[in-house]
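Asker: Below are the sequence and a predicted model; questions follow.
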Amino acid sequence: MTTLQIENSPADADGRTLEDKLRSLNEVLGELGRVLVGYSGGVDSALLIVAAHRVLGDDAIAVTADSESYAEGELEQAVEIVQRLGIRHEIVKTRELDNPDYASNPVNRCYFCKSELFVHMEDVATRLQVDNLLYGHNIDDTGDFRPGATAAREHGVRAPLQEAGFTKADVRELARRWDIPVWNRPAMACLSSRFPYGTPVTSTGLRRVDKAEKLVRAQGFGSHVRVRHHDDVARIELPADDLERLLGDADLRTRLASGLKELGYTRVTADLRGFRSGSMNEVLQEKASEEASTGDLATTAEELGLGMIASGEAQQITWIRVASGTTAQLTDERLRSSVVAAAEAVGAQYVALDLTPLD
């Protein structure tokens, strides 16, 4: 067994340092025998496979899904990392879209995705005579809506990072110290997470989302980009600084809207609350009203000095269009918050600015 100690680090609320947690992780892994690690290329699964390889050597094997729900290039990036580290790697072809329980996009869609992966991992485990299946769940994941964790329990898949008490911050810090390339990579949920629950997930839609997000990033925006796919309506989510850049640049808004329309979207909007990881789960929360009305929203816009020329609802989105001369005012975070609050007070789910060029 080969383990790596790390320099002392601050203790958490339970008095445990990162070194304490690594020691626990090493102990958990050391008792597992031969393992398969579900490895997506993200920081959690990357840290887990590296830690397992340090402890178990060639008895730690990475397994990655070749899935339509991943953005183009993600599989290649995942392969490059484990190849560079000399870790054995198995790729399995998953076909989630063939399962109507997944493709219909219920709120527990991730359950069917993880189940598909774990069934393939069980087949690999039988072929390679592997003792245990692992995945990169950490303790911060337990507080989120994670149907995939149910699938893991049903298939007996263990989560050593969680068992050892690793938080997401612990994962990133240890990955940084071990020089794992994705240590600071933003969380990248699969492309299916861009579809509102109940909107069918299709191969065509997934490719459109992938192209749309690449188009947005090509305008100089960073990795925290989401294009939410509300059928024929695109809702762009950007971090606050990027959103303000977009709102302040009329030419940029036109380029993005025109480019996304060419991909097949009939309406292109920018979410006024900005980027939120897991924003599609917001529909699971109760709202003040079942029916949204734009009357109060129009009054609020007028009071704020916004020249609102149109508003409406489409595919769960309450959208507004303002006069081009007042759009830049929305770079003021307090003003945006006032517009969002007025819309949400009457039950709006997502509040966005319509960027679609006028015909």
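Answerer: All right, it came through fine. Numbers count the residues shown, from 1 in each chain.

Asker: Now for the closest residue in space to Asp59 that isn't next to it in sequence: which residues touch it?
Answerer: Counting by CB to CB, 6 or more residues apart in numbering, Asp59 lies nearest to Arg34, which is 4.3 Å off, once chain neighbours are set aside. C-beta here means a position set from N, CA and C on the backbone, and glycine is covered the same way. Arg34 makes contacts with 56, 59-61, 128-132, as judged by CB atoms under 8 Å, 6 or more residues apart in numbering.

Asker: Lowest pLDDT pick from those residues?
Answerer: Lowest pLDDT among those: Asp131, with 91.

Asker: Count the neighbours of it for me.
Answerer: 11 (other CB atoms under 10 Å).

Asker: which regions of the protein lie under the pLDDT threshold?
Answerer: Low-confidence segments of the chain (pLDDT under 70): 1-11, 13, 143-145, 283-295, 359.

Asker: Quick check: which element contains Arg321?
Answerer: strand 317-322 (DSSP states H and E).

Asker: Now do the buried residues in the helix or strand hosting Ser24.
Answerer: Using DSSP H and E, Ser24 sits within helix 18-30. Neighbour counts over helix 18-30 (16 or more other CB atoms under 10 Å) mark 18, 20-26, 28-29 as buried.

Asker: again with stretch 246-260
Answerer: Under 16+ other CB under 10 Å, the buried positions of stretch 246-260 are 246-247, 249, 252-253, 256-257, 259-260.

Asker: And for stretch 47-57?
Answerer: Neighbour-count burial for stretch 47-57 [16+ other CB under 10 Å]: 47-56.

Asker: Just to be sure, which of those are found in helices?
Answerer: Among these, DSSP state H puts 47-56 in helices.

Asker: could you redo the residues you listed as JSON lines and give each row distance to Ile236?
Answerer: Output for those, formatted as JSON lines (distance: CB to CB, whole Å):
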{"residue": "Leu47", "distance to Ile236": "31"}
{"residue": "Leu48", "distance to Ile236": "32"}
{"residue": "Ile49", "distance to Ile236": "33"}
{"residue": "Val50", "distance to Ile236": "34"}
{"residue": "Ala51", "distance to Ile236": "37"}
{"residue": "Ala52", "distance to Ile236": "38"}
{"residue": "His53", "distance to Ile236": "39"}
{"residue": "Arg54", "distance to Ile236": "41"}
{"residue": "Val55", "distance to Ile236": "43"}
{"residue": "Leu56", "distance to Ile236": "43"}
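
Asker: Which one of those is nearest to Pro357?
Answerer: Minimum distance to Pro357 across those is 44.7 Å, recorded for Leu47 (CB to CB).

Asker: Confirm for me that that closest one is in contact with Leu161.
Answerer: Yes: with contact defined as CB atoms under 8 Å, Leu47 reaches Leu161; the gap is 7.3 Å.

Asker: What are the boundaries of the helices in this protein?
Answerer: Using DSSP H, helices in the chain cover 18-30, 43-56, 74-85, 100-103, 109-128, 147-154, 160-163, 168-177, 203-217, 240-247, 250-262, 295-303, 333-345.

Asker: Tabulate the CA atom coordinates of the first one in CSV.
Answerer: Spelled out, it's helix 18-30. C-alpha atoms of helix 18-30 as CSV (Å, rounded to 0.1, in the frame of the first residue of the first chain):
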residue,chain,number,x,y,z
LEU,A,18,-7.5,17.3,5.9
GLU,A,19,-4.7,15.0,6.9
ASP,A,20,-7.0,13.2,9.3
LYS,A,21,-9.6,12.7,6.5
LEU,A,22,-6.9,11.5,4.1
ARG,A,23,-5.8,8.9,6.7
SER,A,24,-9.4,7.7,7.0
LEU,A,25,-9.8,7.6,3.2
ASN,A,26,-6.6,5.5,2.9
GLU,A,27,-7.9,3.1,5.5
VAL,A,28,-11.3,2.8,3.7
LEU,A,29,-9.7,2.1,0.4
GLY,A,30,-7.1,-0.2,1.8
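
Asker: centre of the chain versus it, how much separation?
Answerer: 28 Å (CA atoms, centre = their mean, to the nearest Å).

Asker: got the angle for it vs helix 168-177?
Answerer: Angle, helix 18-30 to helix 168-177, by axes from the mean of the first three to the mean of the last three CA atoms, to 10 degrees: 90 degrees.

Asker: So Leu117 sits against Lys93, correct?
Answerer: No: using CB under 8 Å, Leu117 is not in contact with Lys93; the gap is 10.9 Å.

Asker: Those two: who's more crowded?
Answerer: Leu117 (26 against 9).

Asker: now the more buried one: how far from Thr94?
Answerer: Relative to Thr94, Leu117 is positioned 6 Å away (criterion: CB to CB, to the nearest Å).

Asker: For these two, list the residues in contact with both.
Answerer: Ala65.

Asker: how far away is the residue nearest to Arg253 when sequence neighbours are not counted from Gly248?
Answerer: Spatial nearest neighbour of Arg253, chain neighbours left out: Leu355 (4.9 Å); criterion: CB to CB, 6+ apart. Per CB to CB, Leu355 is found 13 Å from Gly248.
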